[in-house]
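**Student:** Turn this into a structure:
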Amino acid sequence: MKLVHVETLIQIGKFSSSQDWLNIHDEVTHAIQGMVWPAGSDKFTIYPESGKKRRKGNGVKPIKNGLMRVLVKRGWETEVALDIATVVRPGKLDAVLKTKYGLVALEWETGNISSSHRALNKMALGIMKGLLAAGMLVVPSREFYKFLTDRVGNWSELEPYLDLWKAIPCKSGVLEVLVVEHDATSTKVRRIPKGTSGRALE
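**Tutor:** Sure thing, here's the model as predicted:
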C-alpha cells in the first residue's frame, strides 16, 4: 500500500521534534506500506469496481483490521476508551501506544465523512487537554476511495476543513492525516469483503 500524502495539522512542543515521535511515525508508515492484497502477495492490488451499488466494490474494515494486528504485535493497544469529552464519552480509539510523553492515538476511517470529522475532533480535543501526545487519522485518497464502500470518509471531502484543525490552540502535540492508496488494480484479484467477514489483510 502507498502512503501518498501526510498533512500535518498540529506540530508543536518537544514531542513533535523528538526521536521517539520520528520512530513512531516511521513505524506506522512502514506498517501501512507493508499491507498487501491479496494475502501473500508483494503489493496491494484492489478489484477496480465502484462501491456505490450494494454488494459492489471493496470493504474497508478488513483493511483496518490488518493494520491493527500489525500494530498490536508492536506494542499498541486497540479499542481503547479515553475520557476526553466532558459530558458524553466519544467512541473508542482504534489504536493507542503508550510513550513517556503520553498516549499516541491512531484512527483508521471506516465510517462516513462525519466519522472522519469526529475522529479528528476527538484527537484534537485529547491533545488540547493533554491526554494525547499525538493523533493520526488514516483516510483513503480520491483514487482509492472510489473502489471502497460508498461514502466512506476520504481525503477529498476532508481537505476543505483542514484550516479549522490547524487553528486549534495547544501547547504541545501532533495531529496528522495520512492519505493511503492502492499500489495497483486488477480484475483477477478478489474483492475485499465488506464488514468484518472474510479473511482480513496480513
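
**Student:** hey, let's count contacts and neighbours off CA atoms from now on
**Tutor:** OK.

**Student:** can you pull out the helices in the chain?
**Tutor:** 19-33, 61-73, 113-128, 142-145, 155-158, 162-166 (DSSP state H).

**Student:** Ends of stretch 74-84, what's the gap?
**Tutor:** Distance across stretch 74-84, first residue to last, is 25 Å (CA to CA, to the nearest Å).

**Student:** what does it rub up against?
**Tutor:** For stretch 74-84, contacts defined as CA atoms under 8 Å, 6 or more residues apart in numbering pick out 68, 71-72, 89-98, 122, 125-126, 129, 131.

**Student:** Burial check on Leu22, number of neighbours?
**Tutor:** Residues lying near Leu22 (other CA atoms under 10 Å) number 12.

**Student:** same question, the one 10 residues further on
**Tutor:** The local packing of Ile32 (other CA under 10 Å) involves 23 other residues.

**Student:** Which residue ranges of this protein form strands?
**Tutor:** Taking DSSP state E to define them, one finds strands in the chain at 2-12, 45-46, 77-80, 93-99, 102-108, 132-140, 173-181, 184-185.

**Student:** The ones you listed into JSON lines, with extra columns for mean pLDDT?
**Tutor:** Listed next are the strands of the chain as JSON lines, based on pLDDT from 0 to 100:
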{"stretch": "strand 2-12", "mean pLDDT": "97"}
{"stretch": "strand 45-46", "mean pLDDT": "96"}
{"stretch": "strand 77-80", "mean pLDDT": "94"}
{"stretch": "strand 93-99", "mean pLDDT": "96"}
{"stretch": "strand 102-108", "mean pLDDT": "96"}
{"stretch": "strand 132-140", "mean pLDDT": "97"}
{"stretch": "strand 173-181", "mean pLDDT": "98"}
{"stretch": "strand 184-185", "mean pLDDT": "97"}
